[in-house]
Every structure is written in structure tokens, then in C-alpha cells.
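Novice: Quick one: sequence plus predicted model below, questions after.
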Amino acid sequence: MTAAEIHQPETGAMLTTADGAPLKEALARAMRRARFRAFLLVVPLLIFVLVTFAVPIAQMLYLSIHNPVFSDHMPRLTAYFEAHPDIDVPGEDGFAALALDLAASKKDRSAGRVGTRINYERPGSNSLFKSGARKAAKFKGPPYKEKLLKHRKDWADPHLWNVMKRAAQAHTLGFYAAALDLTYDKKGEITRVAPERRIYVMLFVRTFLLSALIAALCLLLGFPVAYLLANLPLRYSNLLMILVLLPFWTSLLVRTTSWITLLQSQGVLNDLMVATGMVGDDGRIQLMYNQAGTIIAMTHILLPFMILPLYSVMKTIPPSYMRAARSLGATPVTAFMKVYFPQTIPGIGAGCLLVFILAIGYYITPALVGGSTGELISNQIAFHMQSSLNWSLAAALGAILLFGVVLLYWLYDRLIGIDNMKFG
Amino acid sequence: MKTMRVLSSTAIAVGLLVSANMAGAGEITVMSWGGAYTKSQVEAYHKPWMAKTGHKLKSVDSPNPSAPIKAQVTAGKVSIDVADVEYSDAVRYCDEGLLEPIDPKTLPAGSNGTPAEQDFIDGGLTDCAVANIVWSTIFAYDASKMTGAKPATMADFFDTKKFPGKRGLRKGAKANLEMALMADGVPASKVYDVLGTPAGVKRAFAKMDSIKKDIVWWEAGAQAPQLLADGEVAMTTAYNGRIFNAAVSENKPFTIVWDGQVLDFDLFVIPKGAPNKELAFDFIKFATSTKPLADQAKYIAYGPARKSSAAFVGMFQDGKTKMAPHMPTAPANLKNALVNNFEFWADRSSELNERFNAWIAAN
């Protein structure tokens, strides 16, 4: 076939390449090859993101619904629960399973882990399981129920059996319940925890509200700075840019501890106010170890994340637009509101979203300057990761936070449109 | 003499081991609490151990050295060989299978020949941990700023009417709840009985409530003397050694009130899967032997966990301060003292800390 034939196709026939293959397919094949090459280029990054980001997050999220400690180490009792799902406090057969599992757990040193798992929901179970395992290892045979009850009466507590029954299910929504201040009562029904133990819902609300407030403050403070950056002559704007970037490059801890020096009640700011007579020496204002501390320090630390996207958007707005508006008779305010401001919205969206999402996950700064009322949900996640070691609860709290962020992102996309956003 | 022969053959074996180790000098990482405390360990344990064995030792600090252990062990990437942790954490982490078991029989005998198991203060050895010091949570004030009456009892700490001003407290339920109960008139011997009941917990939180608006929370041990020095608080609870060092080494006018002190152990543990397990164990054996434990008291006011060390406790490094009266275990300081009940906290820490967190976060 010659090339000429391609240019003179029969009416209705398919376009073909020189070797007779349909042009459409050949083109698709060529495109596929190009796409594949492009894909190969991003493969390293993709693998990197998967291994270091997606997989750990998925594993962590899985922890929030999956805790196999009990079913792994108490296999007989777990099997017993499967066979007798409706029982409250069992007879000899159930206690035999318990005693044999306890004796085995003494051997492989897992009694403490099982006890800790039950202890999340029934305080006092840790020592019960550990001493029970020591005792059970010495049992020579039945009657197990009698022997265990002789050890501690607690073994007949219906609440304990309820908790064990739930813990025996490796897949559970119990940690999400706990993360929403809910619990199972002694009968096994979901209720709210006692008022003096409610904390997470309040902290979630506080975290979202404070983050929104911080984003708003950053916008308020950052907008004029970004405007100056974009519109001052180069030698001034360069200097200003350095002033913005210098703190941005400084360690988070250094900036936070500097705020402690400034804000504490014997600190620079209070000393200044006392020296100028604004407040008396005994009336020093508490500027940190409370919400004010968290808001001030976080606003400052996150400010560059607002200024930089705003600046990059403002830089692209030609000054001639404002001049044109003015020459057509608009007042400065009208020109700004009608012409300039709408063009900065992509930058505002990007900056607000960036600051808000970063603020939601902050925990070092609130821990250092937030005292008790300035604490955020991330501090509780850190507590459960590092101190209480209840990783499943930490994962559930983290998952709820993640869900909240994704929900807001989706809302943002619906209301403003994510394509509108410009980071630079 | 049989003992002599055993001793000399042990010495030869140790000598061989040391020289063998010299050939390939290893490095271990030891995590501790920072500040004056880490410094005392560097002087009393780290440097002599390095000099003796030729190995290197890297010291790292954390506000609580137990915190990174679970993450490291779970991820299978353990970088810490030895961590210095509190009693309740040593028990909890051991329960969770995160620590290497340590057989007390392999620890060296005391300098007077007492086997290790009898030489350590009761409770100083657990399945996975070896105690090094006895420390205490006390409260202290700045004498130069306290004009008029001086606080003398735990009740005074919780009395902001008689002694106005902010109070520094460690962020966490442990020790605070006990102190609150003692301030409320519960004798030290009854504290854990009372705290074991719902009414007792309520009572402790009610007492904490009475000073809640005046509390400044600290987390790292070095923060407490700092808060006091900055004048941020009128009184603060603290680890006794930190206040001692600020007072004696840095000449701060701080005074310790021993009434209602809460005693605790610090223990060395080896995280499961530590990269240099053998060396780590060697370090622990060395550091918790009679002399190094006694030496530590030269640098900070914590009591050695071995009875045989007491005889060697002498002067502070300045050469003029006798250490004995500054120890939490000095008889004069023990008049109204509470020993931390680790089993109580192993059982109740998640419940009480959750309640504590909820209490603290509520406005």
C-alpha cells in the first residue's frame, strides 16, 4: 500500500496507516506508549508515596477497627463466645476456657497485654488478669469456676464478661464509639460516657473552630502584607519578603519558645505594659497557657502559608486593571472591591485551606503554650500514641479528624471549586 | 578459697570479654530525661563505662523516654538500647511485651557481697527493669519571693488564699491526685485506698478544682525550676533533684517542702529488639552496681536504688554540700511520704488519665 492511498480513501472506508492498520488504533497505540513512558517517569514517586504515606495511613486506619490482642491470646475463650453468643456469666465450661487461656498467657507473657486491652473499658482488669494468670498456671484441674472465684470475686462480674465478649471480636467499632465519648454500659448498650469524662467531641469542635479562627486571623493579617509584597518597588518588597521568609525558615520549636518569652506573665509584653502603666504589677494579663496563647502563636507560625499563595496570585494581577477602574470613575473602595478583590479569591482559598488544614493537625505549639484550654484534639492523639499506648483509640481519633478534613475539602470544592485554587 | 577462685576466674572472663569488645568497639544509645538528671548519669555512668569498656555511648533526651518505645518496637526499627523510665511505665511496657526480660540473678552482687536480689531496695527489680534511683515529686517555692509565712505542708500548696499565686503541676494524673488527697487531709498510708473508690477520685478532683484556674502545667522535668525562676509560678511540684541542682549549683533561692512527697523509682529498660542488646545489658549491669549508683548522688539529689550504695554517698560535686539530708529517703524527709503504688497505676492509669484529660480540657 502506498502513502497516496491514505490521502485518497474510498468513501466510507477507514483511514489506515501505511502498513494497513486503522489509523485510530495506531494513534491510540502510539498514545498509549507515550502515556506508559510518562507513567514510568512518575513510578518512583508513586512507589515512594505509596510506601511512605498511603500504606502507613491505611495500616493506622485499620488499627482503629481491628484489635486482635484478645482473640489472639485467648483462643479458647474466643471460641467459647462464638459458640455461646448470648451468655452473660457462664458456668464451668466458660470458666474452664478462661482458666486454660489464662494459664497459657502466663507462659507466653501475654496476660499483661490482654489485661491492658480489657482495662481500656473496665478499669482494674490489668492486675486481675496478671494475678489471675499467675494463679491459673498453678491450677491442676477443675473446678475452674470455683477456683477463679476464690482468686477474685471480680471474675463473676457480668460487666467483665460483657467487655471480654466485645474484645473477643477482633473487628470492632468500639474505638470509634470511645472517640465520640460513647461507651457500652453494663448491659452492653451504647450510651454517652459520664459527663466528667466527655472530652473528644468538645475537642473536635474546639479544634475546628480554633483552626477556622486562626485561618481568618491569618487572612486578616496576611492580606495587606501580601498586597505590599506584590506592589512595592522591588528593593522594598525584597526586604519585606525576607522578613516573611526568615521566620518561615526558623524551627517551629524556636518560634514557639520565643513566644513563651514574649507572652509569659513575667515576659516582655507584660513587662512593657506594666512599665507604661497600662496594667498594674499585680494585674499582669495571662496571655499564654490558655487559648489566647495557642491562637497567637499558631497565627504567627502559619502566617507565611497565607501570605505566599496570596502574594503569588496578587503578583499576576496587572496594576492597570485598578487604574482602569479608577479612570472609569470608581472610588478606590469600589475599584478594590469590584476589580481587585475578586481576582485574589483563588489565593485566599488556597491560603485559608492550607492554614486551616495545617492548624487542625498542630500539636507541639498547643502543647507548649496552650495550657489546658488551648489544647487541641491532636494533643489527645499524641497522648494515646505515646503515653496510654491505646493506638486503636488514637487511630480512631485520627480517622475522624481525617474524615472531617476530607468533608471540608469536598464542601470547598462544591462551593468554590478546587480548580480555582492557586498556590503559586 | 572458693569465692576467690570464682572471683578471679570471673575477672579473667570479664577481662577477655572487655578486650574482645575493645577489638570491635560498639556504640549504644541511652535515652533519659535531660537537664541536670542526664548530666548526673553522664558523669556517674556513661563516662566511667566508656572508659572501662572502650565502647561509645550516645545520650539522647526526651520529656519521657518511654514514649518512643512502642512505636519503635512495633515498627521493628529500634534505635534506643537503654531507656530510663518510671516504675509504672516499666511495668506497663513489660506487660505489653515491649521490653527485653532481665534476669536479676545476672546482676552483680553489691560491694559488700550481698546478692543483687537482696541488695536492691524492695521493688527495685522487676521482670524487665533494673532500678537506678529513688526520686521524688515534691513541691518547692522561691524563698526570696515568699514574704511572710512560708508554706510547710501539702495543704499549703493547695491553699491559694493563704499563699496566692500560680501553681506549677506536672501534666498527668499520677502524683497530682495523691497530693490532692494528702492536702485534703488523707494520711499517706490511706491515699491509695481512698483513691481506689469513686468518692475518693471525686474528692481528689474537687481539691484540684479549687486551684484549677491558677495551675500552669509542665511536662519536661527541666520546666519546673524554670517556671519558678521566671516567677511564672509561686510554687511548683517538681522532681526533687531538679530543685536541688537549681538551688545548690545555680544558687537559686528555692526551698523544697518534703511534706507529702511522692516517691518513685527510675529504672533502666531495654526495648525489645534493641540493636545492641548485649552491650546494653552490660551497661545496665555496670551502671546499677554499687559504686556508680553512689557516684550519681555526687551530681544530683536522688537516692541510689542499692542498699550497699548508701555507705558511699558523700558530698555533692561542689565538695561542701553533704548529700544525705537532701535525699528523698533521708529520715527527716520521710515523715509524711507516699510511695507510688505502681500496681494501682498499672490498673487505673488509663481510666484516671482519661478523666484527668477531660478535666483539664474542660474550661
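Specialist: Great, that's in hand.
Novice: Start and end of stretch A:282-297, how far apart?
Specialist: Start-to-end span of stretch A:282-297 (C-alpha to C-alpha, to the nearest Å) is 24 Å.
Novice: List the buried residues in it.
Specialist: A:284, A:286-297 (16 or more other C-beta atoms under 10 Å in any protein chain shown). C-beta here means a position set from N, CA and C on the backbone, and glycine is covered the same way.
Novice: again with stretch A:216-230
Specialist: So, applying 16+ other C-beta under 10 Å, buried residues of stretch A:216-230: A:Leu217, A:Cys218, A:Leu219, A:Gly222, A:Phe223, A:Val225, A:Ala226, A:Tyr227, A:Leu229, A:Ala230.
Novice: Which ones among the residues you listed map onto helices?
Specialist: A:Leu217, A:Cys218, A:Leu219, A:Gly222, A:Phe223, A:Val225, A:Ala226, A:Tyr227, A:Leu229, A:Ala230 (DSSP state H).
Novice: Using JSON lines, lay out the residues you listed together with pLDDT.
Specialist: Below are those laid out as JSON lines (pLDDT from 0 to 100):
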{"residue": "A:Leu217", "pLDDT": "97"}
{"residue": "A:Cys218", "pLDDT": "97"}
{"residue": "A:Leu219", "pLDDT": "96"}
{"residue": "A:Gly222", "pLDDT": "95"}
{"residue": "A:Phe223", "pLDDT": "95"}
{"residue": "A:Val225", "pLDDT": "95"}
{"residue": "A:Ala226", "pLDDT": "95"}
{"residue": "A:Tyr227", "pLDDT": "93"}
{"residue": "A:Leu229", "pLDDT": "93"}
{"residue": "A:Ala230", "pLDDT": "92"}
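Novice: for those, which one is nearest chain B?
Specialist: The shortest approach to chain B among these belongs to A:Leu217, at 20.6 Å (C-beta to the nearest C-beta).
Novice: returning to that earlier point: kindly identify which of the ones in helices among the buried residues of stretch A:216-230 also come near chain B.
Specialist: Among those, not one lies near chain B by C-beta under 8 Å from any C-beta of the partner chain.
Novice: With adjacent residues omitted, what lies nearest to the residue in the stretch 1-150 of chain A that chain B sits nearest to?
Specialist: Here the stretch 1-150 of chain A gets closest to chain B at one residue, A:Gly112, 2.3 Å apart by C-beta to the nearest C-beta. Leaving out its chain neighbours, the residue that sits closest to A:Gly112 by C-beta to C-beta, 6 or more residues apart in numbering or on different chains is B:Asp95, at 2.3 Å.
Novice: so what's the one you found up against?
Specialist: A:Ala111, A:Gly112, A:Arg113, A:Gly115, A:Thr116, A:Asn126, A:Lys130, B:Ala346 (C-beta atoms under 8 Å, 6 or more residues apart in numbering or on different chains).
Novice: which one of the residues you listed sits closest to A:Leu263?
Specialist: Minimum distance to A:Leu263 across the contacts of B:Asp95 is 38.3 Å, recorded for B:Ala346 (C-beta to C-beta).
Novice: Confirm that that closest one sits in a helix.
Specialist: Yes - B:Ala346 sits within a helix when classified using DSSP: H, G, I helix; E, B strand; the rest coil.
Novice: want to throw the buried residues of stretch A:216-230 into a markdown table with distance to B:Ala67?
Specialist: As requested, these are arranged in a markdown table below (distance: C-beta to C-beta, whole Å):
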| residue | distance to B:Ala67 |
| --- | --- |
| A:Leu217 | 32 |
| A:Cys218 | 31 |
| A:Leu219 | 36 |
| A:Gly222 | 35 |
| A:Phe223 | 40 |
| A:Val225 | 38 |
| A:Ala226 | 39 |
| A:Tyr227 | 44 |
| A:Leu229 | 41 |
| A:Ala230 | 45 |
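Novice: The longest strand seen in chain B - contacts with which helices or strands?
Specialist: In chain B, with assignment by DSSP state E, the single longest strand is strand B:254-269. If you count contacts as 3 or more C-beta pairs under 8 Å, 6 or more residues apart in numbering or on different chains; DSSP states H and E, strand B:254-269 packs onto strand B:82-86, helix B:87-95, strand B:129-142, helix B:154-157, helix B:176-183, helix B:240-248, strand B:337-339.
Novice: can the longest one be found next to chain A?
Specialist: No - using C-beta under 8 Å from any C-beta, no contact is recorded between strand B:129-142 and chain A, whose separation bottoms out at 11.8 Å.
Novice: Mean confidence (pLDDT) on that strand, please.
Specialist: Strand B:129-142 carries an average pLDDT of 94.
Novice: so what's A:Lys315 up against?
Specialist: Here A:Lys315 is in contact with A:Ala230 (C-beta under 8 Å, 6+ apart).
Novice: and the gap between it and A:Ala350?
Specialist: A:Lys315 is 14 Å from A:Ala350, where distance means C-beta to C-beta, to the nearest Å.
Novice: All set, thanks.
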